[in-house]
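> Okay, sequence plus prediction incoming.
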Amino acid sequence: MNSNDIGIALSMQGVSKRFPGTLAVDNVDFDVRAGEVHALIGENGAGKSTLMKIIAGSFNDYTGKIFIGSRETELHSPVHSKKNGIEMIYQELSLALPLSISENVLVGRLPKKGIFLDKEKIYKETKRCLKMVGMEHLDPDIEIEEISQHESQLVEIGKALGNNPCILVMDEPTSALSREEVERLFEIIRSLKKRGLAIIYISHHLPEIFEIADRVTVMRDGKKIDTRDIGSVTSEELVQMMVGQTVKDFYHHESHAQSEQRLRVENLSRYGFFHNVSFEAYKGEVLGICGLSGAGRSELARVLVGLDDRNGGRVFLDDKEIKPKNMAHALKEGIAYLTENRKTEGLALRLNVKENILAGIIPELVYRGVYHEADGFPKMNELIDELSIYPPDPERIVGNLSGGNQQKVLLAKWMACDPKVLILDEPTRGVDIGAKMTIHESIEQLAKNGSTIILISSDLPELVSLSNRVLIMRQGHLIHEMEHSGCSEESVLLAANGEGIC
C-alpha cells in the first residue's frame, strides 16, 4: 500500500486460487474504497464467487496479498474475516426459517443475564439492527417464515450490519425482489455509503450496476479484465468485456405468432391472489405477463398447471377444456411450468444432469413396466448441446453446476417434454449474460417451432423485446394489454403502476 491509497478499505494484490485442474482466480488486483459501491461482474464461472469466498475466509490456500486499510492480513477463516470487519450477504439467504427474527439476527451473540437470556437487551438490539434497514416495525419474536422474501432479505442485511462491519459484500441481493423493493434496497445502500461503509456489489443486472455503483470491475476466465468508473463505461462495453461480443443484437424480436388459438383462459380466479383473469394465447406466440410484487403473476401460472386450486373460471387448450389437478396432469395435457425458484421447486440438486433432464419424460420411457433410460439419451444430448450446458457431462451433479447452467438444465427438462404451452417464470433471474443469450435464443426457437410461450419476467428489456404482446397485471387483476409495436420499458412500467392507461 502507498500514500495514494488513503480511503481504501480493502485491497487484494496478485491474488490467485487454484483448484485441481483449474486456476479459478488468476493474479487478480481488486480494491474497494470506504463509502463506495464497487460492482463486481462477469459470467458464471468468471471467478467472482471464488474471489469473494477468499474475502470471506473460506480458503486458506490462496496466494497474494490482502490489505484491510493499510494493514496486511491473512483471511484464512470466516471467523478471521469477520474480526477484520467483513460481512457477506449471499444470494441464498442464511436465515433459519423456523427461528425468530431475534434468534437469526443475534445468532452467536444473544445477550445474557447470568445463565439466562436477557430478553430486554435481545429486543433492543434486534430493533437496533432492524432500524438500520427500515424494518423496525417487525416484531423480533415472530418467525422468519412468517415474513416476506423482501423482509427476509432486509433482515439478513440488518443481521450483517449488527456486527458493525467496515466492508459489506452483497451477492445478487435483488434476485428475489420486485422493482419497488429494489428501489427501497438501493436507498438503504446509499445511506450505508454515507456512513462510510465499503460495499462490494455482485449482480448480473447491468441497469442496477449503472444505478447504484461508483466503480465496476469485470472478470472473465478467472482474470480481472478491467476496473472502470461507472460514468466512463457503457453497457455495450461491459458486455464486450464479459463475453467478448457486443450487446447490439442481444435483445431482438422475431414474431412467429400464428392465428391459431392455442390457450384460452376465461374468468380464472384464486381468491386473495387474482380475480376474473381472461386472455388468449396463440400458437408460436410469446405472451409476456408483467406486474409489480403481489400482482398475481406466479399465482396465475401455478393455477394453470394445477399446483394451486382455482376458485372459478375455465381453461381451454386447443378448444378442449382442461382442469389440471397437478403438474403431472398438466404435462399430460401439454402445459409445462418453469418455476421461478429452481433450487427448491425446479431441480433435484443431488441428482445428475441426465436424471433431471429426463425427469419430465419418464412415462414416455417406460415400456411394459421397464424404464428404458437410454431411449431418452438422444434428446438429452441434443438439449445439452443446444443450451450449451457446461460442462457437457450428463453425470455431473446439478448442485455442483453454476447458477446459469442449473437454469439451462431446468429449461432442458421442460423442453424435453415438447409442451404445447411452456410457462416461463423469471427464466433468466440470477444468470449471467451468456446464459441469458442462450435462453433467449431457445425461447425464440421454441416459438418458431410452434410452441406457445408465456413469459413472466421482471426484466423489462427481456419482456419487451421477446413478447408479441404483454399483459399487465396489478393487484390481482388483468388491467391492460400491449402489442409489441406499442411496448417500451417505460410504458410497461407505467402501466404496471396503474398509470398511462387510457
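Good, I have the coordinates.

> I'd like to know how far the residue nearest to the spatial centre of the chain sits from Met437.
Centroid-nearest residue in the chain: Gly430, 3.1 Å away (criterion: C-alpha atoms, centre = their mean). The spacing between Gly430 and Met437, counted by C-beta to C-beta, to the nearest Å, is 15 Å. Heads up, the C-betas are built off the backbone N, CA and C, glycines and all.

> Isn't Arg310 up against Val303?
Yes. Between Arg310 and Val303 a contact is recorded at 4.9 Å, counting by C-beta atoms under 8 Å.

> Comparing these two, which residue is more hemmed in?
Just comparing Arg310 and Val303: by other C-beta atoms under 10 Å the higher neighbour count belongs to Val303, 24 against 19.

> what stretches of the stretch 251-400 of the chain score poorly on pLDDT?
By pLDDT under 70, the weakly predicted segments of the stretch 251-400 of the chain are 251-253, 293.

> residue ranges with poor pLDDT in the stretch 51-200 of the chain?
In the stretch 51-200 of the chain, residues with pLDDT under 70: 91-92, 175-176, 178.

> all strands for it, in order.
Per DSSP state E, counting those that start in this stretch, the stretch 51-200 of the chain carries strands over the ranges 63-68, 71-73, 86-89, 112-113, 116-117, 167-171, 198-202.

> Other residues contacting the second one?
Looking back up the chat, that one is strand 71-73. The set of residues external to strand 71-73 that reach it, using C-beta atoms under 8 Å, 6 or more residues apart in numbering, is 1, 65-67, 80, 84.

> What is the nearest of the residues you listed to Ile453?
For these, the residue nearest Ile453 by C-beta to C-beta is Ile66; the value is 46.8 Å.

> Excluding chain neighbours, what is closest to that closest one?
Met12 (5.4 Å; C-beta to C-beta, 6 or more residues apart in numbering).

> what comes up buried for the helix or strand containing the one you found?
Under the criterion of DSSP states H and E, Met12 resides in strand 8-19. The neighbour-count check on strand 8-19 (16 or more other C-beta atoms under 10 Å) flags 8-12, 15-17 as buried.

> In contact with the nearest residue to Pro98 once chain neighbours are set aside, which residues?
Take Pro98 and drop its neighbours on the chain: the residue closest to it by C-beta to C-beta, 6+ apart is Glu143, 6.1 Å away. Counting by C-beta under 8 Å, 6+ apart, Glu143 makes contact with 97-101.

> One more: Glu386?
Ser442.

> from here on, count from 40
Sure thing, new numbering starts at 40, so read that last one as Glu425.

> how near is it to Asn488?
Look at Glu425 and Asn488: by C-beta to C-beta, they are 12 Å apart.

> Repeat that for Phe416.
From Phe416 to Asn488 the distance is 21 Å (C-beta to C-beta).

> neighbour-wise, which of those two wins?
A direct count of neighbours by other C-beta under 10 Å for Phe416 and Asn488 places Phe416 higher, at 14 against 10.

> Now do the contacts for that one.
Neighbouring residues of Phe416 by C-beta under 8 Å, 6+ apart: 393, 433.

> at 10 Å what do you get?
Going by C-beta atoms under 10 Å, 6 or more residues apart in numbering, Phe416 touches 393, 396-397, 404, 433.

> Where neighbours are concerned, which of those has the most?
With neighbours defined as other C-beta under 10 Å, the most crowded of the contacts of Phe416 is Ile396; it has 29 neighbours.

> what sits in contact with each of Arg349 and Val342?
Counting by C-beta under 10 Å, 6+ apart, the shared contacts of Arg349 and Val342 are 307-309, 313, 363.

> for the residues you listed, which one is nearest Glu211?
Of all the shared contacts of Arg349 and Val342, Glu211 sits closest to Phe313, with 28.0 Å by C-beta to C-beta.

> sorry, back to before: going by distance to Arg167, which of the contacts of Phe416 wins?
Using C-beta to C-beta, Ile396 is the member of the contacts of Phe416 that lies nearest Arg167, at 48.5 Å.

> and this structure, what are its domains?
Per automatic domain parsing, the structural domains of the chain span 42-282, 300-535.

> Please convert those to a markdown table, extending it with distance to Glu293.
Conversion of these to a markdown table gives the following (distance: least, C-beta to C-beta, whole Å):
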| stretch | distance to Glu293 |
| --- | --- |
| domain 42-282 | 21 |
| domain 300-535 | 6 |
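
> does the residue nearest to the centre of the chain sit in a helix, a strand or a coil?
With DSSP: H, G, I helix; E, B strand; the rest coil as the basis, Gly469 sits in coil.

> pLDDT value on it, please?
Per-residue confidence (pLDDT) for Gly469: 72.

> Skipping its backbone neighbours, what lies nearest Glu175 in space?
Using C-beta to C-beta, 6+ apart, the nearest residue to Glu175 is Leu169, at 4.9 Å.

> any idea how far that neighbour is from Leu236?
Going from Leu169 to Leu236 by C-beta to C-beta gives 17 Å.

> Compare the two (neighbour count), which wins?
Legend: neighbour count by other C-beta under 10 Å for Leu169 and Leu236, higher for Leu169 (26 against 23).

> wait, that one sits on Asn143?
No. In this structure, Leu169 is not within contact of Asn143 by C-beta atoms under 10 Å, at 11.1 Å.
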